[in-house]
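Undergrad: any chance you can model this:
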Amino acid sequence: MKQSLGMLVHGGNHWIVRGPLPNRETALALVRHWSLIQIGEFTPPCLQAWRIRTREFRENLEWAVVVPGDDQTSPAVALLLQELSARGIAIRDSRIASW
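TA: You can find the predicted model right below:
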């Protein structure tokens, strides 16, 4: 799998992620896994190809996936999604089965 840098957006939360573009099912599993703080919990083998990054340049983002949540996407994240789209990066939406 190609390691790249992307953004996973879930409602009002988002993660900058190192790993390949996830498919719809994997994106949903990553959101479920990272949305709950679980002390002592390990990452399941099927999700170990993705790592949250804390310091990256926005210019290096190669993919984005949006998973709707209970909160609104923040204005800053919405702007970043617009920037990515303007660069020609497809923004995948988990509500659309054939992304």
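Undergrad: going forward, measure contacts between C-alpha atoms and count neighbours the same way
TA: OK.
Undergrad: give the residue farthest from the middle of this structure.
TA: Taking Cα atoms, centre = their mean, the residue of the chain most remote from its mean C-alpha position is Gly40, at 22.8 Å.
Undergrad: do you know how far that one is from Phe57?
TA: 30 Å (Cα to Cα, to the nearest Å).
Undergrad: kindly report the same for Ser74.
TA: As defined by Cα to Cα, Ser74 lies at a distance of 19 Å from Phe57.
Undergrad: quick one: which of those two has more around it?
TA: Ser74 (14 against 9; other Cα atoms under 10 Å).
Undergrad: distance check, Val31 against Glu83.
TA: Val31 sits 23 Å away from Glu83, going by Cα to Cα.
Undergrad: neighbour count winner among these two?
TA: Neighbour totals were compared for Val31 and Glu83, and Val31 leads with 19 against 14 (other Cα under 10 Å).
Undergrad: circling back to that earlier point, and what about the residue farthest from the centre of the chain, helix, strand or coil?
TA: Recorded secondary structure, Gly40: coil (DSSP: H, G, I helix; E, B strand; the rest coil).
Undergrad: equivalent analysis for the one 3 residues further on, please.
TA: Secondary structure for Thr43, judged by three-state DSSP, is coil.
Undergrad: what are the phi and psi values at the nearest residue to it once chain neighbours are set aside?
TA: Excluding the flanking residues, the one nearest Thr43 by Cα to Cα, 6 or more residues apart in numbering is His33, at 7.8 Å. When read as degrees, to the nearest 10, the backbone of His33 gives phi -70, psi -40.
Undergrad: His33: how many residues sit nearby?
TA: Taking other Cα under 10 Å as the neighbour definition, His33 ends up with a count of 16.
Undergrad: mind listing what's buried in stretch 84-96?
TA: Of all the residues in stretch 84-96, those buried under the rule 16 or more other Cα atoms under 10 Å are 84, 91-94.
Undergrad: in three-state terms, label Leu81 for me.
TA: Following three-state DSSP, Leu81 is assigned to helix.
Undergrad: what does the pLDDT read for it?
TA: With respect to pLDDT, Leu81 has a value of 96.
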